[in-house]
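K.L.:
Build me a model:
(3 chains)
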Amino acid sequence: MPIMTDLHTELKASIIEQLNLEDMEVSDIENDEPLFGDGLGLDSIDALELIVLLEKDYGIKLTDPKKGREIFESINKMADFIEANRTK
Amino acid sequence: MKNLYLHEDCIISPLGCTTSENLEHLRSGTTGLQKFNKSEFLDTPICAGVVNSEVLAEAFSAIGDPKAFTKLEQMMLLAVHQILIKNPDLNRMETGLIVSTTKGNVHLLEDLCVFKKERLLLSNLGEIIKDFFGFGLKPIVVSNACISGGLALAVAKKMINAGKFNKAVVVGGDMLSKFIVTGFNSFQALSETACKPFSKDRNGINLGEAAAAMLVSDTPKKDSVTISLAGDASANDANHISGPSRTGEGLFKSIQNSLKEAGISSEAIKAVATHGTATLYNDEMEAIAITRSDLGATPLHSVKAYYGHTLGASALIESILCKHMMLNNEIYPSLHFNKLGVSKEINVVTAYQNSINLDYVLKTASGFGGCNLAMVFKKEGQNG
Amino acid sequence: MANLSIDHWVRIKDGKIIADGEVIFASEADIASFLKAAFKFLNIKYPKFHKMDRLSKLGFIASETVMKEEAEISEDTALVFSNNSSSLASDQNYQESIKNFPSPSLFVYTLPNIVLGEISIRFGLKSENVFFIEDEFNAKLLIDYSAQLIESAKANKVLCAWLNLHNVEYDVFLWLSSESHKKEITEEQIRKIYDADYD
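P.N.:
A predicted model of the protein is given here:
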């Protein structure tokens, strides 16, 4: 059973809402599924919106937006990054 | 298909309130960009092309009350005014009026000040210009992202060919606002320093505000060299709404079609005035479209490092600059270029050139929504 | 000057979608419910729809209704659109977001021609685009411009539209034109379709 913390669930819910992923449930997103490209199919505007989400919900200001792609690879990667850097 | 001939013009920008002032700075490679550590637009540093509001208001007060018009309106009205004083015999009842802007008076969304809500409407901006000068025909307002200024010229050509009028004043403008600056900032598209089109270390755009106007008609100047819009084409990338196609699809198609309409091959093009915004993706895409069109060796420049990206004014200003380069046999240098930073070999002009005969010049532009535009300007009425 | 035909048209207002004279869909008029229900009615898989702003959704539904009547879609189907409100509804949304965290996904829709991009992506149109801002529906401008495009071989078909969204009030009229050697559509006929009531 994959580890599912509150943060993982919270993230999935936020992403569904912020990115207008209509008709998607939290249970539809896997923790290690690629968010960009083939998996969830997010695009460059979604990536920018995720950068805003990091600051808005977790107080993390991404100084190098190019790092975004690494951090947003999957829910797991995002959660790890947030745990390590959150100020909220 | 009648050609569209370019007559008097005026550029209102940080580089001056007349075209000749602007040209002086372009020839000497003097930028109009300024650095701001903190500004009314953003808390973080930006580099932008800002028109001095006091200087503008003073110039405008000669023709109207600056308190009754927004900064954008003052710039656009001043530009049109200069065209009209040079053409006192122009029949304003029969002259078309074509207006290009991307966001108009959007700054009023934050604070209407003394203005009514209707001022936000771009059609209202058209009416203001029409009424100020007593134009007789309904203005045509074009709002199609950053190709608008050039598209307005293409619209003028089509409407003249449709028999709506023989002459038109084309005016374009956009002004800086928190709305626009924060928006591009949310795209991580801004550079904190002066932009470097096509350079290896380019890291984003600078924004700018400006206005420009030009008189166009279906008749060339008598016994003189005139520049015409010999071909134009636009094509959507059909790829993404805010990022350009990686293969430059739409721009390549636009270039090919504009050359076809002008009845020439790419060999005839002597210079290319690019869009060159200095984002990683735009410049790369443009270089690809240009080299796919066999224009890799053709001298090219971007003037975004003089003005910043002036959105709805940019393609019109840059078309006016093409006209003057062709009339004066010169190419204005592309600023802040050090090392080539695109994957294709292109020929960036970094020093002012003159005594260069430009009988055909290509102007390219691209914008959000996947739009692209190419225009071929032709020098006509030469001797020999 | 090229003569144009009107191949198919769609009218969207008051919760109804009227295609070529027939009311094909009716639901609640309120825009949020209407857009959701209309998209469901289209019965297509296009998750990107939900990211669009309301103006783009209206344009998407209108063009989908007309284009699905076409056996083959030419990439040179030009888009000649117009409205009065530009992207004002989205501008207001973005302006709100500036108060706290400027939103890039809202900012991207603060230009009226973005809907042309969405339609181009949907149908693979690599064609001429223009977006005019007028105080009211001006059929003549759109017809004249389309005729010029077709006459100069810059397009073989043109999708023309009045696509207006004033706060939550929507008023859409979209039609597909091509060169006609028989029946030529007039400004009066187009205006008649626009002004008519459909029950």
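
K.L.:
Show me where the chain has its helices.
P.N.:
With no chain named, the answer covers chain A. A:6-18, A:44-58, A:68-71, A:75-85 (DSSP state H).

K.L.:
that's the wrong chain, I wanted chain B
P.N.:
B:19-28, B:53-60, B:71-86, B:122-133, B:148-161, B:178-186, B:249-262, B:280-292, B:304-307, B:314-328.

K.L.:
Is it possible to get TSV of those that adds mean neighbour count?
P.N.:
Glycine gets a C-beta too; all of them are placed from N, C-alpha and C. As requested, the helices of chain B are exported to TSV (neighbours: other CB atoms under 10 Å in any protein chain shown):
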stretch	mean neighbour count
helix B:19-28	18
helix B:53-60	15
helix B:71-86	23
helix B:122-133	21
helix B:148-161	27
helix B:178-186	22
helix B:249-262	24
helix B:280-292	23
helix B:304-307	29
helix B:314-328	25
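
K.L.:
Please convert the ones you listed to a markdown table, extending it with mean pLDDT and distance to residue B:345.
P.N.:
Formatted as a markdown table, those follow (pLDDT from 0 to 100; distance: least, CB to CB, whole Å):
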| stretch | mean pLDDT | distance to residue B:345 |
| --- | --- | --- |
| helix B:19-28 | 98 | 25 |
| helix B:53-60 | 98 | 42 |
| helix B:71-86 | 98 | 38 |
| helix B:122-133 | 98 | 41 |
| helix B:148-161 | 98 | 26 |
| helix B:178-186 | 98 | 30 |
| helix B:249-262 | 98 | 17 |
| helix B:280-292 | 97 | 7 |
| helix B:304-307 | 98 | 21 |
| helix B:314-328 | 98 | 23 |
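
K.L.:
closest one to residue A:79 among those helices?
P.N.:
Closest to residue A:79 of the helices of chain B, according to CB to CB: helix B:178-186, at 23.9 Å.

K.L.:
residues from chain B in reach of chain A?
P.N.:
Counting by CB under 8 Å from any CB of the partner chain, chain B comes close to chain A at B:186, B:187, B:188, B:240, B:241, B:242, B:243.

K.L.:
Could you measure from the nearest residue to residue B:128 once chain neighbours are set aside over to residue C:136?
P.N.:
Spatial nearest neighbour of residue B:128, excluding adjacent residues (CB to CB, 6 or more residues apart in numbering or on different chains): residue B:73 at 5.9 Å. Counting by CB to CB, to the nearest Å, the separation of residue B:73 from residue C:136 is 22 Å.

K.L.:
what comes up buried for stretch C:42-52?
P.N.:
C:42, C:49, C:50, C:51, C:52 (16 or more other CB atoms under 10 Å in any protein chain shown).

K.L.:
which among those gets closest to chain A?
P.N.:
residue C:50 (3.7 Å; CB to the nearest CB).

K.L.:
got a list of what that closest one touches?
P.N.:
With contacts defined as CB atoms under 8 Å, 6 or more residues apart in numbering or on different chains, residue C:50 is in contact with A:20, A:21, A:22, A:23.

K.L.:
From these, keep the buried residues only.
P.N.:
Buried among these by 16+ other CB under 10 Å: A:20, A:21.

K.L.:
restrict the contacts of residue C:50 to contacts with chain C.
P.N.:
A:20, A:21, A:22, A:23.

K.L.:
got those as TSV, with pLDDT columns?
P.N.:
Shown next, in TSV, are the ones next to chain C among the contacts of residue C:50 (pLDDT from 0 to 100):
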residue	pLDDT
A:20	88
A:21	88
A:22	83
A:23	80
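
K.L.:
Distance to residue C:129 for those residues - can I get that in JSON lines?
P.N.:
Compiled in JSON lines, the ones next to chain C among the contacts of residue C:50 are given as follows (distance: CB to CB, whole Å):
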{"residue": "A:20", "distance to residue C:129": "25"}
{"residue": "A:21", "distance to residue C:129": "29"}
{"residue": "A:22", "distance to residue C:129": "27"}
{"residue": "A:23", "distance to residue C:129": "31"}
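
K.L.:
Now the two most distant members of those residues.
P.N.:
A:20 and A:23 (10.5 Å).

K.L.:
I'd like to check which residues are in contact with residue A:48.
P.N.:
A:65, B:186, B:187, B:188, C:104, C:105.

K.L.:
Specify which member of the ones next to chain C among the contacts of residue C:50 is nearest to residue B:315.
P.N.:
residue A:20 (32.2 Å).

K.L.:
doesn't residue C:51 make contact with the closest one?
P.N.:
Yes: counting by CB atoms under 8 Å, residue A:20 touches residue C:51, with 4.7 Å between them.
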